[in-house]
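Peer 1: give me a model of this one.
(chains A and B)
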Amino acid sequence: MTAPLVEMIGMHKHFGAIRAVDDVSCELRPGEVVGLLGHNGAGKTTLIKMLAGVYPHDGGTIKVRGNPVKLASPRDAQLVGIETIYQHLALADNLDAAGNLFLGRELRTRWGTLDTHRMAHEASKIIRRINPNFTQTHLPVRALSGGQRQTVAIARALYFDARILIMDEPTAALGPGETRMVKQIITGLKQEGIGIFLVSHEMRDVFDVCDRLVVMKNGKLVGTVRISDVTEEDVLGMIILGKRPGRAEPSPPG
Amino acid sequence: MVSMLLALLAIWIALEVLTHGLFLSPRNLYNLSIQTSAIAVISCGMVFVIVARQIDLSVGSLLAFTGMLTAYAQVKWLDTTPAGWQLSIAIGLAAGIAVGLFQGWWIAYRGIPALVVTLAGLLIYRGAAFLVAKGETIAPLDETYQKLGGGATGSLGVAASWAVGGLACAWLAWQVWSTRRERAKYTHDQGPAWLDVVKVVVGVAAILGFVAVMASYPNRTELDADGEPTGMGIGIPVLILIVVVVVLTFLAHRTRFGRYVFAYGGNPESAMLAGINTRWLVVKIFVMMGILSTIAAVITTARLNAGANSIGQLAELYAISAAVIGGTSLAGGVGSVPGAVIGALVIQSLDNGMVLLDVSSAERQVLIGLVLIAAVWFDVVYTRRQTR
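Peer 2: Residues are numbered from 1 along each chain as shown, chains lettered A, B, ... in the order given. The predicted structure is shown next:
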């Protein structure tokens, strides 16, 4: 078995008195897609934001390729190869595809000014690789469709050679055709050995692309299961009741 | 942008008719260009502030404070020092930068809304301007310094003005041409060539026309060999404005700073998630405003030949209005530096034209206020159309 890309061990995060993430551990291996599931408020987003460098963690250890890392900012996470695609896409609507793709990591000329021409060229190259039908790379992204915007967000992660990809609800805003496209992209990335954390509510998508599932409830880890060992029923049970499949039913309240 | 230019043209024609040819006389256009410069310098910076979803209400008071400080330092401390007026400007700039750091820190690192911090600043720096010289007016100022205000001796002269005009024409043509060439590399959607030709022709005509008018305004302090007055040429404040516009346009389009300002205005969260240090970015914007306020203060005090604590009143509102009239969206993320200059020109033209028509200052304020509402209404309608 290959060594894990990411290990999160005993992660804690609280906001005031609320324990958003309470002693959660999980790992991700190269070429693996791990689904993160749970109700709203279960702590999935908080967990991935700790890995993305957005929230500092209050307890626990994050290891990348076996080395403990400190992720104090999104830039720190980018530097160890972690790229994140956020639920609301996190694109600046007024910039074009290249502007968004290179945001924070602009290509520059030897005088230190923005190399807009090279960025436009590189952006359209990688975008066409992902989505050949998408040629309007010079428009502000507010003028683009959901699928095209998602393409820009994915292209951003790929261009910078992500080894670890976090996708937060990547299909939430998409139609069926676009969803299929995103799933194809995920499968392709898997074959390249990239590890992916996928946060999703769509049970179908989860069963289509994930290898393992991490289920959370009220900030706690319910369990980690292999997708081949469970049914949709089992997973729903874990999400709603917080019980692992195969265990005895919890005694009814009262 | 084109609609703003047409509006400006309409205003000019109307005022020219109403004033029976006074408005477009060389003398008045020279004055108008000088009056516009100080406000336009600030409004160019205000574009960055508003694009980044901030506001700065303190610039008028800050102008008074740094202007007073510059004048006071020049007259009381440095009057016998070599390079005294240059040093006094450096002191003013240092104060402007310090104020920018102070305001930016409260806004970015302490989470106080810019509206509150700069509203407080509007009081603080106006009071500080009074305290610098206990309310006295400081005059007269250094003679070389006075040139920076565009007074009787404060212009480039005819030959240098034509040189500047020629450079501006060449730059315009090169801009249009290089944009076309660059666009050709990755899109076939070029737009008609005649439109670009028209752009260059109109631009060149405007630049040369401006220089010709400025050169025809007689300078009675400098006579030629025949004892006739020479032409004034472009005022030094206008030259300062041109430099500010070129630098800020470059910052906006060619540097990471400008790119981040627009990205932050478009989506603050995405800028943060992309790893941009958005707090420091906001501080830098306010430091830039401190510098520009000081430049405007230098122009204003040099023109008055005095430091007075009442200068720059309502400058913040004129600067914001100019930026908004020039197409900067109060929702953030959209704005243009040249647009702000046109906006400043619209406001100053109205103000100047109404002075020629003997409209009282109270009535002028009413009208300019109404123009601002109309401009923001335009912005609201535009934004609604964009998001529909």
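
Peer 1: so how far is residue A:112 from the closest residue to residue B:310 other than its chain neighbours?
Peer 2: Nearest residue to residue B:310 in three dimensions, chain neighbours excluded: residue B:64, at 7.1 Å (Cβ to Cβ, 6 or more residues apart in numbering or on different chains). Bear in mind the C-beta positions are built from the backbone N, C-alpha and C, glycine included. Plainly put, residue B:64 is 36 Å away from residue A:112 if you go by Cβ to Cβ, to the nearest Å.

Peer 1: now residue A:169
Peer 2: 38 Å.

Peer 1: which residue of the two possesses the greater neighbour count?
Peer 2: Legend: neighbour count by other Cβ atoms under 10 Å in any protein chain shown for residue A:169 and residue A:112, higher for residue A:169 (20 against 10).

Peer 1: helix or strand for the residue nearest to the more buried one when sequence neighbours are not counted, which one?
Peer 2: The shortest distance from residue A:169 to any non-neighbouring residue, by Cβ to Cβ, 6+ apart, is to residue A:87 (4.3 Å). Of the helices and strands defined by DSSP states H and E, none includes residue A:87.

Peer 1: what residues does residue A:87 make contact with?
Peer 2: A:45, A:168-169, A:172, A:199 (Cβ atoms under 8 Å, 6 or more residues apart in numbering or on different chains).

Peer 1: and the residues you listed, which of them are in strands?
Peer 2: Among the contacts of residue A:87, the members falling in strands (DSSP state E) are A:168, A:199.

Peer 1: chain B: which of the contacts of residue A:87 is nearest?
Peer 2: Nearest to chain B out of those is residue A:168 (Cβ to the nearest Cβ; 10.9 Å).

Peer 1: ok, the closest one touching residue A:196?
Peer 2: No: between residue A:168 and residue A:196 there is no contact under Cβ atoms under 8 Å: 11.4 Å.

Peer 1: compare these two and say which is more crowded by neighbours.
Peer 2: residue A:196 (25 against 22).

Peer 1: okay, now the unreliable bits of the chain?
Peer 2: As the question left the chain open, I've gone with chain A. Filtered on pLDDT under 70, chain A yields the residue ranges A:1, A:89, A:246-254.

Peer 1: not quite, I wanted chain B
Peer 2: Residues of chain B that meet the cut-off, pLDDT under 70, sit at B:1, B:185-190, B:379, B:382-388.

Peer 1: am I right that the residue nearest to residue B:310 sits in a helix?
Peer 2: Yes: counting by DSSP: H, G, I helix; E, B strand; the rest coil, residue B:64 is found in a helix.

Peer 1: which ones are touching it?
Peer 2: Contacts of residue B:64 by Cβ under 8 Å, 6+ apart are B:125-126, B:129, B:297, B:308-313.

Peer 1: and chain B, which of its residues are near chain A?
Peer 2: Those residues of chain B that sit near chain A, judged by Cβ under 8 Å from any Cβ of the partner chain, are B:182, B:185-187, B:253-256, B:259, B:262-267, B:269-276, B:333-334, B:386.

Peer 1: thought residue B:217 was touching residue B:32?
Peer 2: No: counting by Cβ under 8 Å, residue B:217 stays clear of residue B:32, with 11.4 Å between them.

Peer 1: check which helix or strand covers the nearest residue to residue B:301 once chain neighbours are set aside.
Peer 2: Spatially, and ignoring its direct neighbours in sequence, residue B:301 is nearest to residue B:67 (4.5 Å; Cβ to Cβ, 6+ apart). Element membership for residue B:67, per DSSP H and E: helix B:59-72.

Peer 1: what do you get for residue B:289?
Peer 2: Counting by DSSP H and E, residue B:289 is part of helix B:278-304.

Peer 1: can you state the direction angle for whichever helix or strand comes after that helix and helix B:278-304?
Peer 2: Later in the chain than helix B:278-304, the nearest helix or strand by DSSP H and E is helix B:315-325. Relative orientation of helix B:315-325 versus helix B:278-304 (axes from the mean of the first three to the mean of the last three Cα atoms, to 10 degrees): 110 degrees.

Peer 1: how far away from the center of its chain is the following helix or strand past helix B:315-325?
Peer 2: Next along the chain after helix B:315-325, taking DSSP H and E as the criterion, comes helix B:337-356. Centroid separation for helix B:337-356 versus its chain: 11 Å, with Cα atoms, centre = their mean, to the nearest Å.

Peer 1: which strands or helices does helix B:337-356 pack on?
Peer 2: helix B:2-18, helix B:26-51, helix B:236-254, helix B:315-325, helix B:361-387 (3 or more Cβ pairs under 8 Å, 6 or more residues apart in numbering or on different chains; DSSP states H and E).

Peer 1: so residue A:226 sits right up against residue A:234, yeah?
Peer 2: No: using Cβ under 8 Å as the test, residue A:226 is too far from residue A:234 to be in contact (11.2 Å).

Peer 1: so which of the contacts of residue B:64 is the most crowded?
Peer 2: Neighbour counts for the contacts of residue B:64 (other Cβ under 10 Å) peak at residue B:297, which has 34 neighbours.

Peer 1: neighbours of residue 5, how many?
Peer 2: If you meant another chain, say so; for now it's chain A. 23.

Peer 1: should've been chain B
Peer 2: Count around residue B:5 with other Cβ under 10 Å applied: 15.

Peer 1: distance of the most far-flung residue of chain B relative to its centre relative to residue B:216?
Peer 2: Computed with Cα atoms, centre = their mean, the residue of chain B farthest from its C-alpha average is residue B:226, at 38.1 Å. From residue B:226 across to residue B:216, the span is 16 Å (Cβ to Cβ).

Peer 1: one more: residue B:288?
Peer 2: Distance from residue B:288 to residue B:216, by Cβ to Cβ: 36 Å.

Peer 1: neighbour count winner among those two?
Peer 2: A count of neighbours by other Cβ under 10 Å puts residue B:288 above the other of residue B:288 and residue B:216, at 22 against 16.

Peer 1: can you list the residues of the stretch 1-150 of chain A near chain B?
Peer 2: Residues of the stretch 1-150 of chain A lying near chain B (Cβ under 8 Å from any Cβ): A:52, A:54, A:73-75, A:78, A:84, A:86, A:88-95, A:99-100, A:103-106, A:108, A:112-114, A:116-117, A:120-121, A:124, A:137-138, A:142.

Peer 1: what do you get if the cut-off is 6 Å, keeping everything else the same?
Peer 2: A:74-75, A:78, A:90-95, A:103-104, A:106, A:113-114, A:117, A:120, A:138 (Cβ under 6 Å from any Cβ of the partner chain).

Peer 1: mind checking which of the residues you listed are buried?
Peer 2: Buried residues within the residues of the stretch 1-150 of chain A next to chain B, counting neighbours by 16 or more other Cβ atoms under 10 Å in any protein chain shown: A:74, A:78, A:90-95, A:103-104, A:106, A:114, A:117, A:120, A:138.

Peer 1: and the top strand by length along chain B, what does it pack onto?
Peer 2: In terms of residue count, the longest strand belonging to chain B (DSSP E) is strand B:218-223. Packing partners of strand B:218-223 (3 or more Cβ pairs under 6 Å, 6 or more residues apart in numbering or on different chains; DSSP states H and E): strand B:229-231.

Peer 1: circling back: now, the residues of the stretch 1-150 of chain A next to chain B that are in helices?
Peer 2: A:74-75, A:78, A:117, A:120 (DSSP state H).

Peer 1: so who does residue B:337 touch?
Peer 2: Contact analysis of residue B:337 by Cβ atoms under 6 Å, 6 or more residues apart in numbering or on different chains lists B:44, B:47, B:245, B:248-249, B:252.

Peer 1: looking at those residues, which is nearest chain A?
Peer 2: Distances from chain A to the contacts of residue B:337, taken by Cβ to the nearest Cβ, are shortest for residue B:252, at 10.5 Å.
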